[in-house]
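A.B. asks: Quick one, structure for this:
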Amino acid sequence: MAEDESMNLAAMFASMAETLRQPSVGQTLQQVVELAAETVPGAEYASVTVVRKKRFQIPACTDERAGDLDRAQVRLGEGPALEASTTDQLLRVTDIVTDQRWPRFGAYARESGTRSMLLCQLPGEHGALGSLNLYASQPHAFDATAVQTAAIYSAHASLAVSHASLVDSLNSAVSSRQYIGEATGILMERYQLSSPEAFHLLVRASQDLNVKLRELAGEVVRTGLAPKDLELGSHNGEAAR
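C.D. replies: A predicted model of the protein is given here:
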């Protein structure tokens with residue numbers, strides 16, 4: 001890639017950084033696929049495939065074509081997106097019709113009018129997040145420039161997704177702390193408990209009911225009362241002793 005072209009790419013990605021930064025992971029991923037289809041030469045539609053608890057999910061796609069292709073790979077149990085999500089390589093498929101690695105998916109892609117694919121892993125903070133999947137209707141749609149552009153773009157996208165994930169985690173932590181504090185206050189007032197006693201009661205009920213503490217606290221806050229399943233009589237007696 002020529003020096004001038006590299007400088008232009010650097011300037012483009014610098015200006016794009018703020019656009020990629022969205023208030024949530026879901027919004028960020030949607031922005032990632034939409035900009036990818038506009039930014040990477042040859043790309044016509046795009047998606048993100050995410051691995052969560054050993055299951056493949058499709059949290060964002062530019063249109064139904066991309067979503068259908070991803071779902072087909074999950075359904076068939078084979079395809080470039082599944083491979084790219086679990087390896088650290090950039091994967092280019094020049095022509096899915098002649099590629100013999102994924103015959104069943106290749107037949108599906110051919111029928112859908114898709115010929116080329118370019119896939120980049122999106123590494124997350126705690127390992128592989130998934131892959132950015134770029135599709136084109138023409139064979140040999142992704143040249144060396146497209147490959148380099150996609151590699152740089154996926155690195156910027158990964159940073160944006162990691163930032164959004166951190167924001168989501170912080171917001172969730174703040175929300176959980178608020179719910180638990182309010183629920184503890186409600187139990188203190190209603191059952192004449194100290195703060196440690198009320199918190200212990202909430203934790204004990206969470207364990208007994210196999211319900212997350214935040215969810216149980218939210219229920220207490222929403223209703224203004226402790227759910228009957230908390231068995232407050234017996235727990236209250238234990239807490240007061």
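A.B. asks: nearest spatial neighbour of V32, skipping sequence neighbours?
C.D. replies: A157 (4.5 Å; Cβ to Cβ, 6 or more residues apart in numbering). For glycine as for every other residue, the C-beta is placed from the backbone atoms N, C-alpha and C.
A.B. asks: any low-confidence regions in this structure?
C.D. replies: Scanning the chain with the threshold set as pLDDT under 70 gives 1-23, 123-129, 164-175, 224-241.
A.B. asks: Run through the helices of it in chain order.
C.D. replies: 3-20, 25-39, 64-76, 80-85, 103-112, 144-191, 195-209, 213-223, 232-240 (DSSP state H).
A.B. asks: Put together JSON lines for these, with mean neighbour count on each row.
C.D. replies: What follows is the helices of the chain, written out as JSON lines (neighbours: other Cβ atoms under 10 Å):
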{"stretch": "helix 3-20", "mean neighbour count": "12"}
{"stretch": "helix 25-39", "mean neighbour count": "20"}
{"stretch": "helix 64-76", "mean neighbour count": "18"}
{"stretch": "helix 80-85", "mean neighbour count": "23"}
{"stretch": "helix 103-112", "mean neighbour count": "17"}
{"stretch": "helix 144-191", "mean neighbour count": "17"}
{"stretch": "helix 195-209", "mean neighbour count": "17"}
{"stretch": "helix 213-223", "mean neighbour count": "17"}
{"stretch": "helix 232-240", "mean neighbour count": "14"}
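A.B. asks: now these in a markdown table, with distance to I58?
C.D. replies: Formatted as a markdown table, the helices of the chain follow (distance: least, Cβ to Cβ, whole Å):
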| stretch | distance to I58 |
| --- | --- |
| helix 3-20 | 19 |
| helix 25-39 | 10 |
| helix 64-76 | 5 |
| helix 80-85 | 9 |
| helix 103-112 | 15 |
| helix 144-191 | 15 |
| helix 195-209 | 33 |
| helix 213-223 | 26 |
| helix 232-240 | 44 |
